[in-house]
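Chemist: Okay, sequence plus prediction incoming.
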Amino acid sequence: MNVDVTAVPLYFPSGSEQLFGWLHEPGQGQASRDTGLVICKPFGYEAICSHRSLRAFADASAALGIPVLRFDYAGTGDSSGGESQGDQIHQWSLDVVAAVEALKRKCGVTRVCLLGVRLGALLAMLAAAANTGVAVIAIAPVVSGRRYLRELRAFQGTAAPNAAAAPLGGALEVTGFTLSEASVASLGGMDLTTMSAGSVREILILDRDDLPQAKSWAEALSKLGIATDYRALPGFTEMVSTPHAARIPQEMIAATVEWLGRQPGAHPRVEAAPPELPEASMNLLEASMSLSATWMSASAPAMRLPVSDGEPLTEQALFIDGQGTLFAIVTRATGSLADRSKPRHGVVLLNGGATNHIGPNRMYVSLARRWAARGYVVLRLDLAGLGDSATRPLRPDNEVYPSGALDDIAAAIDFLRRRYRVEDVTLAGLCAGAYHALRAATAGLPVKCALMINPLTFFWKQGMTLNDLQIAEVVRNPGVYAEHMLSGKYWLKLLRGRVNLWRVAMVLIRRAWLTLDANLRDLKRWLHFELTDDLGQELAAVAGRGVRLVFLFARGEPGPDLLKIQGGSVVKTLGDRCRIYTIDGADHIFSQSEPRAYLEELLSGELPQ
């Protein structure tokens with residue numbers, strides 16, 4: 001995070017919903033300006049991938065002296081609400097309006113710019129009709145709703161080829177995120193080239209340079225007399241790449257900052273006392289806190305979550321360490337289940353890869369609220385360098401297997417035990433989160449249970465990268481190669497030199513060595529040899545301390561074979577202390593609702609009682 005910028009979490013109302021956001025404010029000594037910026041994120045998987053980039057846009061703009069609010073729409077991210085049957089496009093445009101009003105109230109600005117990415121740009125234009133004095137920055141905007149829906153269907157067909165095709169006009173689920181039937185109908189009739197621009201008089205359009213789609217819209221705006229700055233710049237594709245590989249679009253950020261600096265309302269202003277707010281709004285918007293004592297502070301922003309049955313819930317956004325590095329969301333019951341005199345069960349959910357604390361497909365939010373209603377205290381943690389946590393000095397951002405993960409997990413466990421009198425802790429996570437859960441249990445952290453979903457490795461050495469030849473590739477690919485041998489297309493690629501034969505050879509050689517090594521390790525265990533980096537001995541030691549181990553795999557994942565090879569015959573001897581589930585019809589991140597619902601049932605059934 002930019003050292004000249006302060007970012008604090010907050011909640012604010014939008015109709016009956018409460019929205020979560022981050023307020024990025026200029027640091028001390030910087031001139032405040034009379035213009036604020038609201039960032040409108042894209043939809044679904046693009047929002048997951050671009051999380052770091054949106055933070056970078058916010059920090060760069062705030063460093064200019066402009067307060068920035070980035071937030072989650074209703075039913076997304078950390079905001080209240082779930083999947084809706086109503087028109088989400090309409091609701092989300094109202095959420096943008098609510099964000100504008102919240103920023104004006106909080107910071108006293110009179111002029112607001114809306115920065116929207118993809119679908120967020122379309123929402124920004126819809127919201128602009130309800131606001132005067134609004135300027136817009138549109139990044140790779142969705143110009144035609146109909147074309148955007150075609151792109152989503154095509155992407156879903158590629159990402160989940162075995163999933164049933166969504167009927168035209170019906171609800172659409174894409175990589176685990178759903179647009180309702182009403183939303184699809186609404187989007188299908190929208191086209192920015194024919195829509196009114198409302199009160200917008202200035203707009204910056206940053207189109208993607210590889211597949212520009214907004215040139216005609218820019219020309220239409222210019223004909224209406226709107227000051228339009230159109231640029232096609234690189235960076236969009238990299239911004240919405242997979243979370244661990246996503247890169248910040250520096251050229252787009254530079255263009256945004258340069259354009260904002262030229263806006264009429266961007267001049268320094270004299271600080272005035274913020275307008276007095278009603279007490280309820282003050283509680284929702286309160287975000288100032290001492291980061292050095294956040295975990296002990298009652299002023300960390302929180303929201304109440306009404307539930308249809310069971311206990312009302314409270315969700316609180318805070319930093320759990322004294323340095324303001326580790327960010328987390330804590331969900332807990334506030335009714336009779338919140339009896340502070342009784343020991344409680346706690347759960348720590350760990351980043352799935354480089355995805356932030358909402359988890360793949362927002363799965364962690366659903367699990368946290370479900371489990372909190374049963375009396376568990378659930379903490380969704382961002383490891384340092386991921387999500388909304390700060391990056392430690394001399395460490396890279398977006399590090400999926402950071403060397404300090406065990407320290408971060410230990411801090412989360414300590415926080416739950418001290419703050420909420422949690423007696424036993426369960427660690428849970430998908431992919432890298434599963435790896436970190438097992439490493440924490442192996443290291444002897446006070447863990448009662450580890451729920452591990454689709455781990456791709458059980459040993460990670462510092463200095464390795466995700467581009468290296470990974471153990472999961474070695475385990476899975478020989479079977480894939482065998483299938484390819486029956487494919488004429490594969491042979492054609494081979495003859496054209498488009499197959500990396502060296503990598504194929506390395507996979508096959510390492511696979512043969514793994515099988516030999518597994519047999520040798522079983523023999524050495526039987527002879528009671530002390531082994532290094534031995535999964536079988538680690539699992540036996542962890543289970544021997546009373547820690548329950550639960551592995552959950554999507555069918556077709558390399559994890560079960562990897563567990564069998566590296567754990568050896570020990571796995572069978574652990575019995576009920578090491579449970580293994582295989583789930584049909586799922587992909588790595590459980591992007592389809594039916595297998596994901598089954599996964600949530602299994603996880604819920606395995607929690608300590």
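Modeler: Ah, there it is.

Chemist: how near is the residue nearest the centre of the chain to Ser569?
Modeler: Nearest to the mean C-alpha position of the chain, by CA atoms, centre = their mean, lies Asn356 at 3.3 Å. For Asn356, the distance to Ser569 equals 39 Å [CB to CB, to the nearest Å]. C-beta here means a position set from N, CA and C on the backbone, and glycine is covered the same way.

Chemist: go on, Thr256?
Modeler: Between Thr256 and Ser569 the computed distance is 58 Å (CB to CB).

Chemist: which of the two has more neighbours?
Modeler: Thr256 (22 against 13; other CB atoms under 10 Å).

Chemist: For that one, list the residues it contacts.
Modeler: Counting by CB atoms under 8 Å, 6 or more residues apart in numbering, Thr256 touches 57, 60-61, 115, 137, 204, 206.

Chemist: could I get stretch 548-562 in PDB with only the CA atoms?
Modeler: Only the C-alpha atoms of stretch 548-562 are listed here, as PDB (Å, rounded to 0.1, in the frame of the first residue of the first chain):
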ATOM      1  CA  ARG A 548      -8.800 -34.800  12.800                       C
ATOM      2  CA  LEU A 549      -7.700 -34.600   9.200                       C
ATOM      3  CA  VAL A 550     -10.300 -34.300   6.400                       C
ATOM      4  CA  PHE A 551      -9.400 -34.300   2.700                       C
ATOM      5  CA  LEU A 552     -12.100 -33.400   0.100                       C
ATOM      6  CA  PHE A 553     -11.300 -33.800  -3.500                       C
ATOM      7  CA  ALA A 554     -13.200 -33.100  -6.800                       C
ATOM      8  CA  ARG A 555     -13.100 -36.300  -8.900                       C
ATOM      9  CA  GLY A 556     -10.300 -36.000 -11.400                       C
ATOM     10  CA  GLU A 557      -8.000 -33.900  -9.100                       C
ATOM     11  CA  PRO A 558      -4.500 -35.200  -8.700                       C
ATOM     12  CA  GLY A 559      -4.800 -34.900  -4.900                       C
ATOM     13  CA  PRO A 560      -6.000 -38.400  -4.100                       C
ATOM     14  CA  ASP A 561      -3.200 -40.100  -6.100                       C
ATOM     15  CA  LEU A 562      -0.700 -37.700  -4.600                       C
END
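
Chemist: Now do that stretch: distance to the chain's middle.
Modeler: When distances are taken as CA atoms, centre = their mean, to the nearest Å, stretch 548-562 is centred 23 Å away from the chain's centroid.

Chemist: now swap in stretch 65-83 and tell me
Modeler: 13 Å.

Chemist: Contact partners for Glu17?
Modeler: 74-75, 79-81, 91, 95.

Chemist: likewise Ala373?
Modeler: By CB under 8 Å, 6+ apart, the neighbours of Ala373 are 307, 310-311, 313, 333.

Chemist: Out of those, list just those in strands.
Modeler: Among those, the ones falling in strands (DSSP state E) are 313, 333.

Chemist: Which of the contacts of Ala373 scores worst on pLDDT?
Modeler: Least confident of the contacts of Ala373 in the model: Gly310, at 64.

Chemist: hey, where'd the helices end up in the stretch 101-250 of the chain?
Modeler: 119-128, 145-159, 181-188, 215-223, 236-239, 250-261 (DSSP state H, counting those that start in this stretch).

Chemist: For those helices, which has the smallest mean pLDDT value?
Modeler: Among the helices of the stretch 101-250 of the chain, helix 145-159 scores lowest, at a mean of 88.

Chemist: can you list the residues that contact it?
Modeler: With CB under 8 Å, 6+ apart as the test, helix 145-159 has contacts from 119, 122, 142, 163, 165-166, 172-175, 179, 184, 186-191, 213, 587, 591.

Chemist: Just the buried residues from those residues, in ChimeraX please.
Modeler: Applying 16 or more other CB atoms under 10 Å to the contacts of helix 145-159, the buried members can be selected in ChimeraX as follows:
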select :119,122,142,163,166,172,173,174,175,179,184,186,187,188,190,213,587,591
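
Chemist: before we move on, back to that, most tightly packed of the helices of the stretch 101-250 of the chain?
Modeler: With neighbours defined as mean count of other CB atoms under 10 Å, the helices of the stretch 101-250 of the chain peak in mean count at helix 119-128, which reaches a mean of 27.

Chemist: list the helices and strands it packs on?
Modeler: Packing contacts for helix 119-128, counted by 3 or more CB pairs under 8 Å, 6 or more residues apart in numbering; DSSP states H and E, involve strand 35-40, helix 88-107, strand 111-117, strand 134-139.

Chemist: and if we set it to 10 Å?
Modeler: strand 35-40, helix 45-49, helix 88-107, strand 111-117, strand 134-139, helix 145-159, helix 181-188, strand 202-208 (3 or more CB pairs under 10 Å, 6 or more residues apart in numbering; DSSP states H and E).

Chemist: centre of the chain versus the first one, how much separation?
Modeler: Shown here is strand 35-40, whose average C-alpha point lies 21 Å from the average C-alpha point of the whole chain (CA atoms, centre = their mean).

Chemist: Report the backbone C-alpha coordinates of it in CSV.
Modeler: C-alpha atoms of strand 35-40 as CSV (Å, rounded to 0.1, in the frame of the first residue of the first chain):
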residue,chain,number,x,y,z
THR,A,35,-13.3,15.6,-5.8
GLY,A,36,-13.9,12.0,-4.6
LEU,A,37,-13.7,8.7,-6.5
VAL,A,38,-16.0,5.7,-6.3
ILE,A,39,-14.7,2.5,-7.8
CYS,A,40,-17.3,0.1,-9.3
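
Chemist: Now do that strand, average pLDDT.
Modeler: For strand 35-40, mean pLDDT is 96.

Chemist: Please apply the same query to the third one.
Modeler: Averaged over helix 88-107, pLDDT sits at 96.

Chemist: tell me which residues of that helix are tucked away?
Modeler: By neighbour count on 16+ other CB under 10 Å, the buried set for helix 88-107 is 88-89, 91-107.
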